[in-house]
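# what's the 3D shape of this:
(one chain, ligands or ions: 4)
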Amino acid sequence: MRIPIREVTPQLERATIAGWVHEERDLGGLAFFLIRDRTGIMQVTVPKKKVPEDVLIAIKEVSRESVVRVSGIIKATEKAPGGRELVPESFEILAKAASPLPLDVAEKVPAEIDTRLDARFLDVRRPRIAAIFSIRSRMMEATNSFLFREGFLQITTPKVVAAATEGGTELFPIAYFEKEAFLSQSPQLYKQMMMAAGCEKVFEIGPIFRAEEHNTIRHLNEATSIDVEVSFADHTDVMVLLEKLIHEIYSSVAENCTAELELLGIPDLQVPEKTLPRLPYEEAILIAAKKSEEPIAYGDDLGTASERAIGEEMGTHYFITEWPTSIRPYYAMPSAADPSICNAFDLMHPKMELSSGAQRCHVYDLLVEQIRSKGLSPEGFEFYLKPFQYGMPPHAGWGLGAERLVMTMCNLQNIREAVLFPRDRHRVTP
Ligand code: ATP
Ligand code: MG
Ligand code: MG
Ligand code: MG
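Ligands and ions are numbered 1, 2, ... in the order given. Just a heads-up that it's a prediction; the model follows:
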C-alpha cells in the first residue's frame with residue numbers, strides 16, 4: 001500500500017509512495033525526481049549503478065506529470081525537502097503524461113488565467129492552486145457546521161424558475177418545453193416562502209445564475225450563494241448572525257489551513273473582529289465623493305471605485321446600513337421612522353461587496369405596492385405573494401457570495417480563481 005507523502009518521515013525504513021512526477025533532473029550517474037501527491041512533495045534519488053535494471057528503464061521512459069508508484073529505502077538527508085529521500089527498488093509508471101504539457105505545473109513558466117483555466121486539471125495540480133480549494137472546502141465546512149449549530153434547516157430550492165427575483169435584466173432564459181423559464185438568480189423568493197411554511201431558520205448553499213453584462217474580476221455568470229432566512233428577526237439580528245459566521249469561517253481557516261495559507265503568501269491571516277462597524281449609507285456616500293474620482297450622489301448604488309475608496313477608509317470588513325428604499329429591491333422593509341430609507345444592509349470587504357441582506361417586507365399590501373413602485377407587475381409574482389396572505393411572520397435574511405469570500409480571503413486578483421470551472425461570457429468549457 002502506498003502512504004501519503006506527508007507521512008513519510010526520515011525514521012521510516014522503507015515506503016511506497018504514489019503521485020505525479022513534479023520535476024526530474026539527470027546528473028549522469030545520479031538522477032533526482034520530485035514526486036508530488038496531494039499531501040506533499042518528496043525526493044526520489046536514483047544512484048544508477050545501485051538500482052535494479054527495470055528502475056533504469058522506467059526512469060528513462062518517464063516524463064514530467066506522469067503518474068508513478070515508487071517503493072524503496074528511506075534515507076534521512078538534510079538536502080532534500082522534508083529531510084528525507086527515497087532510493088527506489090521499484091519504479092512503476094502507472095500513466096504516462098504526454099509532452100509538452102499544456103501548462104507547467106512546477107510554475108517555472110508563468111501562465112495567463114485563460115491558459116490556466118483551459119488546462120484547469122493541470123492548474124489544480126499546483127500546490128498553491130490546490131490550497132485555494134482546500135481553503136474553500138474548509139470555509140464551506142465551517143459554514144455548514146455553524147448554521148447547523150445555530151439550529152438552521154438546510155433547504156434546496158429550484159434553479160429552473162418562472163420569474164425574475166429582481167426584474168428582468170441579468171436573466172438567462174432557457175428552453176423549457178412550451179413554458180417560459182429562466183435559470184434562478186437567487187433563492188430569495190423561495191426562502192421567504194419557507195418562512196410562511198413555518199421553517200423559521202433556513203439556509204441554502206447553491207448556484208445562482210446571472211447574465212452579467214460586463215466582464216469584471218468580481219462577477220461570474222454562475223456563482224455560489226450562501227443564503228439564510230430567519231423568522232421573527234429583523235436586519236440587526238441577521239447582521240449579528242453574519243458577522244459571527246464571518247468570524248467563525250476566518251477562525252476555522254486560520255486554525256486548520258496553516259500550510260495552505262503559507263503557500264498563498266498569507267501566513268498571518270487577519271481574522272475580522274466579532275463585531276464589525278456599521279456605516280450609514282449617507283456617510284458612505286460622503287466618503288466616496290470625497291475620496292474617489294467616480295461621481296456619486298445620494299441615491300446611487302456604489303461603483304467599484306466608491307467601494308474601494310470607502311473600504312480604504314474603513315480598513316476592515318464593515319456594514320453599510322440605512323440604504324435609500326429607491327435603490328433596494330421591493331422585498332426590503334422600509335424603515336418605520338422614515339420610509340425613504342429601508343432596513344437593508346451590505347456586508348463589505350475593504351475591496352468589494354460580500355453580502356446583501358435586509359429585514360423583508362412581510363405585509364401583503366405594502367409588498368404589492370412596492371412591487372408596483374419598481375415598475376413590476378404583481379401578477380408575475382402570484383406564487384410568491386400568496387403566502388403573504390395566509391400568515392407570514394416577520395423575517396430577515398441575507399445572501400453571501402462564496403466566491404467573493406474565497407477571493408477576498410485568499411487575496412486573489414480575479415474571482416475566476418476562486419471557482420474550479422468558472423462561467424463567464426466567453427467560457428462554457430471546460
Ligand atoms: P454587485 O453589486 O457586486 O453586482 P449584487 O448587489 O448585484 O452584487 P446581490 O444580488 O446582493 O449582488 O447578491 C448577494 C451576493 O452574491 C453579493 O453580495 C455577492 O457576494 C454575490 N454575487 C452577486 N452577483 C454575483 C456574481 N455575478 N458573481 C459572483 N458573486 C455574485
Ligand atoms: Mg450585481
Ligand atoms: Mg451590489
Ligand atoms: Mg447586493
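# who touches Thr165 in this structure?
Shown in contact with Thr165 (Cβ atoms under 8 Å, 6 or more residues apart in numbering): Ser184, Gln185, Ser186, Gln188, Leu189, Pro329. Every residue, glycine included, has its C-beta placed from N, CA and C.
# By neighbours, which of those residues wins?
Counting by other Cβ atoms under 10 Å, Ser184 has the largest number of neighbours within these, with 25 neighbours.
# so what's that residue up against?
Ser184 makes contact with Thr157, Pro158, Lys159, Val160, Val161, Thr165, Pro207, Ile208, Phe209 under the criterion Cβ under 8 Å, 6+ apart.
# in the stretch 301-430 of the chain, what residue is nearest ligand 1?
Nearest residue of the stretch 301-430 of the chain to ligand 1 (Cβ to the nearest ligand atom) works out as Gly401 at 2.3 Å.
# Confirm for me that that residue is in contact with Thr224.
Yes. If you go by Cβ atoms under 8 Å, Gly401 and Thr224 touch, sitting 7.4 Å apart.
# Of those two, give the one with the bigger neighbour count.
For Gly401 versus Thr224, neighbours defined as other Cβ under 10 Å are more numerous around Gly401 (25 against 20).
# pLDDT at the more buried one, what is it?
Gly401 carries a pLDDT value of 98.
# One more: Leu183?
Residue-level confidence at Leu183 comes out at 96, pLDDT.
# what's the distance between it and ligand 1?
Going from Leu183 to ligand 1 by Cβ to the nearest ligand atom, to the nearest Å gives 12 Å.
# nearest residue to that residue other than its sequence neighbours?
The shortest distance from Leu183 to any non-neighbouring residue, by Cβ to Cβ, 6 or more residues apart in numbering, is to Phe209 (3.7 Å).
# so what's that neighbour up against?
Lys159, Phe172, Leu183, Ser184, Gln185, Asn221, Glu222.
# Now do the second one against Arg425, distance only.
Meaning Phe172. 12 Å (Cβ to Cβ, to the nearest Å).
# where do the contact lists of the two overlap?
Asn221.
# which residues touch the helix or strand where Met348 lies?
Following DSSP states H and E, one finds Met348 within strand 341-349. Contacts with strand 341-349, where a contact means Cβ under 8 Å, 6+ apart, come from 234-235, 239, 242-243, 246, 276, 278, 281, 307, 310-311, 314, 317-325, 328, 332-335, 353-359, 396, 398, 400, 404, 408.
# Over to stretch 94-113?
Residues outside stretch 94-113 that contact it (Cβ under 8 Å, 6+ apart): 18, 20-23, 61-69, 115-116, 118-119, 122-123, 125-126, 128, 414, 416-417.
# doesn't Thr408 make contact with Glu417?
No. With contacts counted by Cβ under 8 Å, Glu417 stays clear of Thr408, the gap being 11.8 Å.
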